[in-house]
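Participant: my questions are about this predicted structure, shown below with the sequence.
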Amino acid sequence: MNYVLAFAGSNSSISINYKLVKYTSSLISGTEVRLRNMAKYPFPMYSYDVEKENGYSNSLVEFKNEISNAKGLIIAVSEHNSYPSAYFKNTMDWLSRLDSKFLVDKKILLMSTSTGGRGAIGALEVAEKMITRFQGTVVETFSLPRYGDNFDENTGITNADLAKIHSEKVSSFVKAIS
């Protein structure tokens, strides 16, 4: 448990939440951060029939083990119609079938971003409830509104006030996992 696992709850190849997670990961020093691009994890839509017929994929078991062995998680959830993406929910469904306590004792920095002014806050709130149900501990949350106005892929968060808040949240998370 010497690493932090970081990923976005999106399977989009152009996910802005993945870009936020990638940037956030780059700010952490002194601890290995394993960044996972979930676009490379094509989990089928969960159903009992699929589970019964096919069991659990190797990639799902490996991902669950990575979560179990991490000392903390950085997750950014994307928002679709005020809720986390179906992909994120589906991933949580599969993981919980492997182990309903797959997040027990995990300290989590939970984030979201969107192109709108609310910064995917609806998805963030729902995801936080979901994570705590599986016994994860959300140490900090951060929402970045208006991604296109407040984020640059080369420099990160461009709004000074939001950058300061983000930095404080990252520092608090790092302290919690130390």
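Facilitator: In hand now; what should we look at?

Participant: residue boundaries of the strands in the protein?
Facilitator: Ranges of strands in the chain, per DSSP state E, are 3-8, 32-36, 72-77, 79-80, 83-84, 107-113, 137-144, 151-152, 156-157.

Participant: now the ones you listed in CSV, with mean pLDDT?
Facilitator: Formatted as CSV, the strands of the chain follow (pLDDT from 0 to 100):
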stretch, mean pLDDT
strand 3-8, 98
strand 32-36, 97
strand 72-77, 98
strand 79-80, 93
strand 83-84, 94
strand 107-113, 98
strand 137-144, 98
strand 151-152, 98
strand 156-157, 98
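
Participant: I'd like these as TSV, with distance to His166 appended.
Facilitator: Where you see a C-beta, it was placed from the backbone N, CA and C, and this is true even at glycine. As requested, these are exported to TSV (distance: least, Cβ to Cβ, whole Å):
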stretch	distance to His166
strand 3-8	14
strand 32-36	16
strand 72-77	12
strand 79-80	18
strand 83-84	20
strand 107-113	8
strand 137-144	6
strand 151-152	10
strand 156-157	5
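
Participant: centroid residue for this protein?
Facilitator: Ile75 (1.7 Å; Cα atoms, centre = their mean).

Participant: who's in contact with that one?
Facilitator: Ile75 makes contacts with 6-9, 21, 108-111, 127, 131, as judged by Cβ atoms under 8 Å, 6 or more residues apart in numbering.

Participant: how does it look with 6 Å?
Facilitator: Taking Cβ atoms under 6 Å, 6 or more residues apart in numbering as the criterion, Ile75 is in contact with Leu110.
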